[in-house]
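Undergrad: Here's my sequence, what's the structure:
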Amino acid sequence: MAVRDRRGIDRVERYNLRKMKSILALDPAWTATEPSGVALLHQTKDRWRCVALSPSYGQFVALAKGVPVDWTQAPVAGPPDVDALLSAAQTLLEGRTVDLVTVDMPVALDLIVKRRFADTEVSKKFGSKGCSTLSPSPDRPGEVGLNLTERFKELGFPVATTSTAVGTERVLAEVYPHPALLHLLKKDFRYKYKIGRANEYWPEKTPEERRRRIVKNWRKIIDALSEDIAKIDLPLPAKDAIETFASSHLKRFEDALDALICAWVGIKYFEGDCTAFGDSSAAIWIPPKGLDVAELPESE
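TA: Presented below is the predicted three-dimensional model:
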């Protein structure tokens, strides 16, 4: 007979609850002058749950202090405080520690000063689908990326590379939302959801109609994410109020949504459903598993 505690949970169930995983996902700006989205997921018995979602580091930390996100206020920019982020996540997880950090920013074991092998490989695979990577430089992400990477390493989250087995816990895994969305939405080309590119997407439409289409596409992404993630609380503007929102105001929702996509890639990573593009210095993790990766020498 199973031995149960006062809450009616037996020892096996308690062990399983302790093994439930959590993901902290960051969509960092590559400079300290722009805000960055943050998402926190926790695994329940049958699916994942969104514990917290915010358009900036500061608002995420404030959530742990009981201050809800005010989506009408402009997010404050600034570099990431890794200690504060992990501490806030642990508070929001009711004392549990984070098991995986996913990040949409170049990270590596070596100093990043130019385009990496990982960037080249992703662009070769997904460039024809409109999902080439941006090229990092000594300044972007520069000190922002270096400080984030080093501090996570010091706190027990080293960068996951191609030498890292998929599903390994306690790592910093670089992800890339654009090709991930191809898999999530079953699309063949880069999805139109970036507010800053709305003019390029639909040059013949009015600004109001462009914003309306962007928000409509955001809702489609959230619907798809909701198949795996419960309790997503991203209060997008109502259809009849979108024309009152400037593009700069809408950007905060996009940043939070990108963080949520990064978190979803973390789910796929834990399920073993990701491919690592790169080498033993850096890797970009993209679902699904089994994607073709060129057999080329590692970058020097």
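Undergrad: List the residues that contact Thr133.
TA: Listed by Cβ atoms under 8 Å, 6 or more residues apart in numbering, the contact set of Thr133 reads Asp119, Val122, Ser123, Tyr176, Ile284. (Glycine included, C-beta is placed from N, CA and C.)
Undergrad: from these, which would you call buried?
TA: For the contacts of Thr133, a neighbour count by 16 or more other Cβ atoms under 10 Å gives the buried set as Asp119, Val122, Ser123, Tyr176, Ile284.
Undergrad: need the contacts of Thr133 in TSV with distance to Thr244, can you?
TA: Formatted as TSV, these follow (distance: Cβ to Cβ, whole Å):
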residue	distance to Thr244
Asp119	39
Val122	38
Ser123	38
Tyr176	33
Ile284	38
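Undergrad: Mark which of the residues you listed are part of helices, please.
TA: Of those, the ones assigned to helices by DSSP state H are Asp119, Val122, Ser123.
Undergrad: contacting residues for the first one?
TA: Residues in contact with Asp119 (Cβ under 8 Å, 6+ apart) are Pro106, Thr133, Leu134, Ser135, Pro136, Ile284.
Undergrad: From the ones in helices among the contacts of Thr133, pick the one nearest Leu234.
TA: Val122 (26.7 Å; Cβ to Cβ).
Undergrad: hang on, isn't that closest one packed against Val175?
TA: No. The pair Val122 and Val175 fails to qualify as a contact (Cβ atoms under 8 Å) at a distance of 10.7 Å.
Undergrad: which neighbours do the two share?
TA: Ile284, Ile286.
Undergrad: Quick check: mean pLDDT of the helix or strand harbouring Thr91?
TA: According to DSSP states H and E, Thr91 maps onto helix 82-92. Throughout helix 82-92, pLDDT has a mean value of 98.
Undergrad: Could you list every helix and strand that it packs against?
TA: On a contact count with 3 or more Cβ pairs under 8 Å, 6 or more residues apart in numbering; DSSP states H and E, helix 82-92 meets strand 22-27, strand 37-43, strand 48-54, helix 57-63, helix 142-154.
Undergrad: Next SSE downstream of that helix?
TA: Assignment by DSSP H and E places the next element after helix 82-92 at strand 100-103.
Undergrad: Name the residues that touch that next one?
TA: 21-28, 148, 152, 157, 169-175, 262-263, 265-266, 269-270, 285.
Undergrad: go again using 6 Å as the cut-off
TA: Residues from elsewhere that reach strand 100-103, judged by Cβ atoms under 6 Å, 6 or more residues apart in numbering: Ile23, Leu24, Ala25, Leu26, Phe157, Leu172, Ala173, Glu174, Val175, Cys262, Val265, Gly266.
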